[in-house]
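*Asks:* need coordinates for the below:
(one chain, ligands or ions: 1)
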Amino acid sequence: MLTLRFVPIASFCLSALVLGGCQTTTSGGSVGADRKQLMLVSSQELDQAAAQAYAKLQSDASQKGVLNRDQAMLQRVRAIASRLEPQTRVFRSDAPGWKWEVNVITSNELNAFCMPGGKIMVYTGLISQLRLTDDEIAVVLGHEIAHALREHSREQVSQAIAAQTAIGIGAALFGFGQGSADLAGAGYEAFVATRFSRNDETEADRMGLELTARAGYDPRAGVTLWQKMIQVSQGGRPPQFLSSHPAEASRVQEIQALLPTVMPLYTAARGR
Ligand SMILES: [Zn+2]
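*Replies:* Here you go, the predicted model:
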């Protein structure tokens with residue numbers, strides 16, 4: 001059985017397929033992803049644990065007096081998110097019905113994320129220090145929402161379980177209890193992954209840009225947003241957002257290459 005330890009995820013995926021472990025979380029849209037994903041925990045388990053972690057994050061921030069202190073920024077972010085949320089239906093029909101939540105933490109941190117199930121948190125530093133426009137905020141939120149739609153965190157947890165249990169495939173296929181138990185006590189960091197793969201980042205960029213355009217926000221803001229990110233990352237201490245979102249010239253080029261596909265969606269949305 002020891003050799004199983006080295007079985008690559010793809011083969012493991014095949015075994016798990018029998019039990020419905022491999023799937024894709026979203027449908028195509030205009031630019032979406034169709035990569036098969038290894039899933040060894042349920043969406044419900046992950047959403048529940050994420051909701052708990054989100055509530056904890058909120059109560060901690062509230063105790064420090066930094067939760068939704070900037071009402072103007074809160075209203076601004078909520079207005080943008082509320083235009084993006086219904087557009088998620090292009091990728092998954094269940095998503096518009098999620099229990100979406102949008103809150104803002106006053107902090108110098110340059111950070112924003114959307115936890116599984118639609119729990120969004122934005123740190124004021126990201127918006128104020130980079131002087132983000134509404135279009136650029138929409139690109140950030142669209143990107144983060146796309147991670148949640150693709151369930152990248154669930155995929156990461158599943159890969160971690162697979163790696164731990166690959167030594168005994170029986171345990172991997174029938175005993176996911178350990179992974180679930182660990183989830184319950186996890187902090188929010190576990191759900192906003194600290195390290196999404198470059199591939200996850202590309203998927204989120206693509207789908208986020210489509211959401212942005214469909215919501216009537218200018219997807220060209222993706223270019224200016226990442227130019228600002230590149231600029232700030234050259235200033236010494238890289239902000240938290242950039243530790244999981246490398247600001248690279250290739251990223252800007254990929255977004256530019258997508259514009260001909262998403263600009264008509266933007267034009268159509270503006271016409272409505
Ligand atoms: Zn990302």
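
*Asks:* can we go C-alpha only for contacts and neighbour counts from here?
*Replies:* Fine.

*Asks:* count of neighbours near the residue lying closest to Ala61 once chain neighbours are set aside?
*Replies:* Residue nearest to Ala61 in three dimensions, not counting chain neighbours: Leu67, with 5.2 Å by C-alpha to C-alpha, 6 or more residues apart in numbering. Leu67 has 22 neighbours, counted by other C-alpha atoms under 10 Å.

*Asks:* try Gln129
*Replies:* Counted with other C-alpha under 10 Å, residues neighbouring Gln129 total 12.

*Asks:* residues contacting it?
*Replies:* Leu110 (C-alpha atoms under 8 Å, 6 or more residues apart in numbering).

*Asks:* for it, report the pLDDT, please.
*Replies:* As summarised for this prediction, Gln129 has a pLDDT of 93.

*Asks:* likewise for Met121?
*Replies:* Met121 is assigned 97 on the pLDDT scale.

*Asks:* quick one, strands of the stretch 101-250 of the chain?
*Replies:* Along the stretch 101-250 of the chain, the segments classed as strands by DSSP state E, counting those that start in this stretch run 101-105, 112-115, 119-123.

*Asks:* from those strands, pick the one with the highest average neighbour count.
*Replies:* Burial of the strands of the stretch 101-250 of the chain is given as mean neighbour count (mean count of other C-alpha atoms under 10 Å); strand 112-115 ranks first at a mean of 26.

*Asks:* I'd like to know which of the strands of the stretch 101-250 of the chain is closest to Thr261.
*Replies:* With C-alpha to C-alpha as the measure, strand 112-115 is the member of the strands of the stretch 101-250 of the chain nearest Thr261 (24.9 Å).

*Asks:* show residues contacting the closest one.
*Replies:* For strand 112-115, the surrounding residues in contact (C-alpha under 8 Å, 6+ apart) are 50, 54, 120-123, 126, 140-141, 144-145, 147-148, 188, 191-192, 241.

*Asks:* next: stretch 225-232.
*Replies:* Residues external to stretch 225-232 that are found in contact with it (C-alpha under 8 Å, 6+ apart): 130, 132, 136, 139, 238, 242, 247-249, 251-252.

*Asks:* minimum pLDDT in those residues, which residue is that?
*Replies:* The lowest pLDDT within these belongs to Pro238, which sits at 68.

*Asks:* quick check: which ranges of this protein have low pLDDT?
*Replies:* 1-21, 164-186, 190, 192-194, 236-238 (pLDDT under 70).

*Asks:* quick test: name the residue nearest the centre of the chain.
*Replies:* With distances taken as C-alpha atoms, centre = their mean, His147 lies nearest the centre of the chain, 2.5 Å away.

*Asks:* which ChimeraX command selects the buried ones in the contacts of stretch 225-232?
*Replies:* To isolate in ChimeraX the members of these that are buried, counting by 16 or more other C-alpha atoms under 10 Å, one can use:
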select :130,132,136,139,238,242,247,251,252
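
*Asks:* now, the contacts of stretch 225-232 that are in helices?
*Replies:* Taking DSSP state H, the ones among the contacts of stretch 225-232 that sit in helices are 136, 139, 242, 249, 251-252.

*Asks:* neighbours around the nearest residue to Leu110 once chain neighbours are set aside, how many?
*Replies:* Here the nearest residue to Leu110 in space, its sequence neighbours aside, is Leu126; by C-alpha to C-alpha, 6+ apart that works out to 4.0 Å. The local packing count at Leu126 equals 22, with neighbours defined by other C-alpha under 10 Å.
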